[in-house]
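> Sequence first, then the predicted structure, then my questions.
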Amino acid sequence: MGREATITYEQVAAAADAMKVAGSKPTSRAIRERLGNTGSMGTVNKLLQDWRAGQERLIANALVLPASLQRAILEFMDQELTGAKATLEAELAEQQQEAADLATENERQAGDIEDKAEAVTVLQAELANLAGRMAQMDVDLGAARSDGERERKAAEAARTELAKSLLRLEAMPRLEADLASLHLELDKERQGRVVAEQQAAVLGAKLEAAIERSAKADSAALDALAQTRKSGEAVFAEAAKVEAAKNTIANLSGKLEAMQAQIERQGHELEEVHQGAKKASGEVAGPGGKGARNTVPKLSETK
């Protein structure tokens, strides 16, 4: 894209006239400096050539001599200048054309320089934008690395919890065997309690029968005193047996309650292990994952 001239012919002509009056030779560089370094050298040179052509026309118009002298001079000059005029005019035209081409080329190059300067400005803005984006990408990369480190630590913690849960699961068969043994002992205690209760019932019936017999024996106390004594001793013996049976039942009840408490405590421990295994399995498998949550038997399934 071309660039508009920032100086005019009148400015160049005024500067050249002032330099000529001051006794200095007008040149393109001197005139450009006199005009404050505005405009390109090509434009100044082109306008200066136009000014010089005008000066030559003024000088030609100013040469006014007497007619006879003019004719003599013209005749002499015509002979001398005729041959050189065509060559000089041709050279002058060629130089003017070259100067005009140079000025045009300078103006074109000045426009290209301005276009490239604008392109450089745009590229610098894009470079600054890219630098900002790269800085933001560095920040995002650091954040991603931090998140990855946290995820790695969380995965390690989950693997540790999973290992602990697996160890607990490995201990489940032993706990199940202990629980089964406790159930067997409990069943035995229950059966012993039933037998003791049955024996106590039998002894109670015998005691009632003995009391009844003792009441009947009272009516014949004089006749069967010895028999009564024997019956009384038998009653006392049966009562001692009943008391012993009651003590046995009480002891069995205490053991049964202790075993029930132990069974409940072990059931709670198994339930806590079951919950811990489910939690660890859920953390490893993730939301909605199956994992190993169905591998731990419930307490109700072991009974």
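Good, I have the coordinates.
> quick one: pLDDT of residue 5?
Looking at residue 5, its pLDDT is 56.
> no wait, residue 51
92.
> give me the element it is part of.
Using DSSP states H and E, the element containing residue 51 is helix 41-62.
> Which is the succeeding secondary structure element to that helix?
Criterion used, DSSP H and E; the element after helix 41-62 is helix 67-219.
> what angle do the helix holding residue 51 and helix 67-219 make?
Angle, helix 41-62 to helix 67-219, by axes from the mean of the first three to the mean of the last three CA atoms, to 10 degrees: 160 degrees.
> Could you export helix 41-62 as CSV, CA atoms only?
As requested, the backbone C-alpha atoms of helix 41-62 are provided in CSV (Å, rounded to 0.1, in the frame of the first residue of the first chain):
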residue,chain,number,x,y,z
MET,A,41,14.3,11.4,0.1
GLY,A,42,12.7,10.2,-3.1
THR,A,43,9.8,12.7,-2.8
VAL,A,44,12.2,15.6,-1.9
ASN,A,45,14.5,14.7,-4.8
LYS,A,46,11.5,14.6,-7.3
LEU,A,47,10.2,18.0,-6.1
LEU,A,48,13.7,19.5,-6.2
GLN,A,49,14.1,18.4,-9.8
ASP,A,50,10.8,20.2,-10.6
TRP,A,51,12.2,23.4,-8.9
ARG,A,52,15.5,23.2,-10.8
ALA,A,53,13.6,22.9,-14.1
GLY,A,54,11.6,26.0,-13.2
GLN,A,55,14.8,27.9,-12.3
GLU,A,56,16.3,27.0,-15.7
ARG,A,57,13.3,28.4,-17.4
LEU,A,58,13.6,31.6,-15.4
ILE,A,59,17.3,32.0,-16.3
ALA,A,60,16.4,31.5,-20.0
ASN,A,61,13.7,34.1,-19.8
ALA,A,62,16.1,36.6,-18.0
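> Pull out the buried residues from that helix.
42-49, 51 (16 or more other CB atoms under 10 Å). Heads up, the C-betas are built off the backbone N, CA and C, glycines and all.
> and which of those is nearest to residue 163?
residue 42 (85.4 Å; CB to CB).
> Quick check: nearest residue in space to the closest one, chain neighbours excluded?
Distances taken as CB to CB, 6 or more residues apart in numbering place residue 106 nearest to residue 42, at 2.6 Å, with adjacent residues excluded.
> what about the one you found, distance to residue 118?
Distance, residue 106 to residue 118, using CB to CB, to the nearest Å: 19 Å.
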